[in-house]
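> how would this look folded up:
(2 chains)
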Amino acid sequence: MKQNQVLSLVQRKRLLGLVATALCLVLLPRVISLGYLSLVIEMMILGVAACGLNLIMGYAGMVSFGPAGLYATGAYATALLIVRFDIPFTWAMIAGPVAAALAGVIIGWFCVRRTAVYFALLTLAFSQIIYTVVFVWYSFTGGDNGIVGIKTPPILSSIDNYYYFTLITSAACLAAMWMICNSSFGKALKAIRENPERAEFIGIHVRRYQLAAFVLSSFFLGAAGSLYCCFNHNVFPVYAHWSKGADILVVCLLGGMFHFWGPIVGSVVYILLDKIIVSFTQYWPMVLGLIVVLAVLFLRGGIAGFISSRALVKAAQQSSGGDR
Amino acid sequence: MLAENIIRQLLSGLSMGMVVFIIAAGLSLIFGTLKVLNMAHGAIYMFGAFLCYWLTSWLPNVPGIFWWSLVIAPLGSAIFGGIIEILLLRRIYGLDMMYQWILTFGLILFIGDICRLLWGVDYYMVAPPWPLNGPVEIFGVFFPAYNLFVMMLGPIILMGIGAMLRFTRLGRVIRAATFNPEMVGALGVNVPLTFTLVFMLGCWLAGLGGALVAPMTAVSLGMDAAVIIDCFIIVVIGGLGSTLGAFIGAIIFGLSYALGILVAPKLAIAIGFVIMAVILIIRPWGLLGRPE
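Okay, the predicted model is just below:
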């Protein structure tokens, strides 16, 4: 009985927190200036990308070093459809993630064929070939000039409205990922992460599940890429560069891989750090590398892991105090 | 004319393949013993290349400075690798392997930026050293003597690693530690020291590759990303952890890349990936690997 009450209290708290966050986000454009608003847009997009990567990294335990390739696939698909083929914006936005998911099917099929270490190096290799193709295929992708002047509908031309568009889209993506993670499929992925042999023994087709997770993750990475290219109205090969992948990976690691909300916390902290540190030094990658090293050595659960372990300690102290 | 072109392409493909083999051999050695996929291996290679450029441009009047830097640059890379192993990797061997990969991935950013801080963003050239600075005639074509020298170094390195693993005490310890580190430690061998030495040896090979490549291509930032992908392709073809596999993979990769440039220059980049994909379909564990 008591257990039940505590649970519902937690749930009520969560619901309240979610509603409060949503309200704040909806009212945000009235409060802060446009410069900060575009930072928030970047945070949301990076958050979607990092949550997409976390689907395979945190939940399925498959470390991918090539999220940038799929992110760029989404971005380039949307950009090319709008600029080269005059496809309506809505369809181009849908086509981006779908194209990334299709690329994910092909890449993932190769990557899950061997053990985890090969998965890690193959994802990086395939991501780099996407980068090379984009870079070399001058006539179609524009090479290192990229594609500029991506037109969005007039209604999305103001930053306010694009903010709401991003908010709705990324909320939908996050809700979808939340449902995936908490479904039986998500639980199977966790089982595979913890012990692939046992998962195989209880009848989970490990490779098929891993491939499915990789495709889903690609879809959301592609969605983030599409959102970002329409926000910036341009797309460059650097979207597919491994260092972009490093950014997304750092966001997951910094925020906390083993919590659903970790990557979102990570993206907020990452964008803020980026803006602050870049104003001090041009050696931002060095700082980023240091953050990775320090996080791996001392903060493996990320910020979310740190907070929740502190909360657990606190709760344990409180409950033991109550017993006495 | 065509035959000459083919021979020249084959030779340059082989010499490029041998450089990548030397680097991939280090990657493979480290993975075989430490089970660490050193993502920063390419960055160490770039560090070695920059060290070689820096030494040769700093002391241009010393006779045979390139040969000196060919000794010193790999040693510098090895010491650098040793510091990384002792300060960072040693602390996280007990954890899930993904943390080691992520840590070395972070080191790519760090080492790359150190190179940018020390040497800037320019492209640098290193002149081929005397007495290898001219062309020699081989199979009726003139070919840079230096590239032939690099080509011959590949098999020497392969045999050297094989002999070291087979006949020296360190080699025996490495092979035993690969098999079962706890048991080796229980027998009184200093396993952490062995791991450090293996990591240093792997980084020495990466630095050697970097120093060797300096007279063949431009030394610049970004050369690390290109070479690490070639290394990955080679170890996927040959099987990670096998030096001979890496050697065979490097020959296949180098030759097919060189011929690919002759047939379809624009698609040559994709050829390595096509071979890798074919291997993954018909023999996913690599040519010399074992089914997992």
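> List the neighbouring strands of the helix-or-strand element of chain B with minimal mean pLDDT plus their orientation.
Least confident helix or strand, chain B: strand B:135-138 with a mean of 80, by mean pLDDT, DSSP states H and E. Strands adjacent to strand B:135-138 in the sheet, as given by DSSP bridges, are strand B:141-144 (antiparallel).
> Can you point out the buried residues in the strand it pairs with?
Of the residues in strand B:141-144, those with enough neighbours to count as buried (16 or more other Cβ atoms under 10 Å in any protein chain shown) are B:141, B:143-144. All C-beta spots, glycine's among them, are computed from the backbone N, C-alpha and C.
> try stretch A:98-111
By neighbour count with 16+ other Cβ under 10 Å, stretch A:98-111 contains the buried residues A:98-104, A:107-111.
> How about stretch B:184-204?
B:184, B:189, B:191, B:194-204.
> nearest residue to residue 51 other than its sequence neighbours?
By default, I'm working from chain A. If the residues on either side of it in the chain are set aside, A:Cys51 comes closest to A:Pro263, at 4.8 Å by Cβ to Cβ, 6 or more residues apart in numbering or on different chains.
> that's the other chain; I wanted chain B
Taking Cβ to Cβ, 6+ apart as the measure, B:Leu51 lies nearest to B:Ala73, with 3.9 Å between them; neighbours along the chain are not counted.
> B:Leu212 is in contact with that neighbour, correct?
No: counting by Cβ atoms under 8 Å, B:Ala73 stays clear of B:Leu212, with 9.4 Å between them.
> Show me which residues of the stretch 151-292 of chain B are close to chain A?
Counting by Cβ under 8 Å from any Cβ of the partner chain, the residues of the stretch 151-292 of chain B lying close to chain A are B:225, B:228-229, B:232-233, B:235-236, B:240, B:266, B:269-270, B:273, B:276-277, B:280, B:284-285, B:292.
> Can you select the buried ones among the residues you listed for me in ChimeraX?
Burial among those is assessed by 16+ other Cβ under 10 Å; the matching ChimeraX selection reads:
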select /B:225,228,229,232,233,235,236,240,269,270,273,276,277,280,285
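> just checking, next helix/strand downstream of the helix or strand containing B:Gly202?
Secondary structure here is read from DSSP states H and E; on that basis B:Gly202 sits in helix B:191-213. Sequence order places helix B:223-238 as the next helix or strand after helix B:191-213, per DSSP H and E.
> how about the CA coordinates for the next helix or strand after that following helix, as PDB?
Using DSSP H and E, the next helix or strand after helix B:223-238 towards the C-terminus is helix B:243-263. Taking only C-alpha atoms (Å, rounded to 0.1, in the frame of the first residue of the first chain), the coordinates of helix B:243-263 have been written out as PDB:
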ATOM      1  CA  THR B 243      49.900  -9.200 -38.100                       C
ATOM      2  CA  LEU B 244      50.100 -11.500 -41.100                       C
ATOM      3  CA  GLY B 245      46.400 -10.800 -41.800                       C
ATOM      4  CA  ALA B 246      47.100  -7.100 -41.800                       C
ATOM      5  CA  PHE B 247      50.000  -7.700 -44.200                       C
ATOM      6  CA  ILE B 248      47.900  -9.600 -46.700                       C
ATOM      7  CA  GLY B 249      45.100  -7.100 -46.300                       C
ATOM      8  CA  ALA B 250      47.500  -4.300 -47.000                       C
ATOM      9  CA  ILE B 251      48.700  -5.800 -50.200                       C
ATOM     10  CA  ILE B 252      45.200  -6.500 -51.400                       C
ATOM     11  CA  PHE B 253      44.100  -3.000 -50.500                       C
ATOM     12  CA  GLY B 254      47.200  -1.200 -51.900                       C
ATOM     13  CA  LEU B 255      47.100  -3.100 -55.200                       C
ATOM     14  CA  SER B 256      43.300  -2.800 -55.800                       C
ATOM     15  CA  TYR B 257      43.400   0.900 -54.900                       C
ATOM     16  CA  ALA B 258      46.300   1.500 -57.400                       C
ATOM     17  CA  LEU B 259      44.500  -0.400 -60.200                       C
ATOM     18  CA  GLY B 260      41.300   1.300 -59.300                       C
ATOM     19  CA  ILE B 261      42.900   4.700 -59.900                       C
ATOM     20  CA  LEU B 262      43.900   3.500 -63.400                       C
ATOM     21  CA  VAL B 263      40.400   2.200 -64.300                       C
END
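> List the contacts of helix B:243-263.
Outside of helix B:243-263, the residues within contact range by Cβ atoms under 8 Å, 6 or more residues apart in numbering or on different chains are B:5-6, B:9-10, B:12-18, B:20-21, B:24-25, B:27-29, B:154-155, B:158, B:161-162, B:230, B:233-239, B:267-268, B:271-272, B:275, B:286-289.
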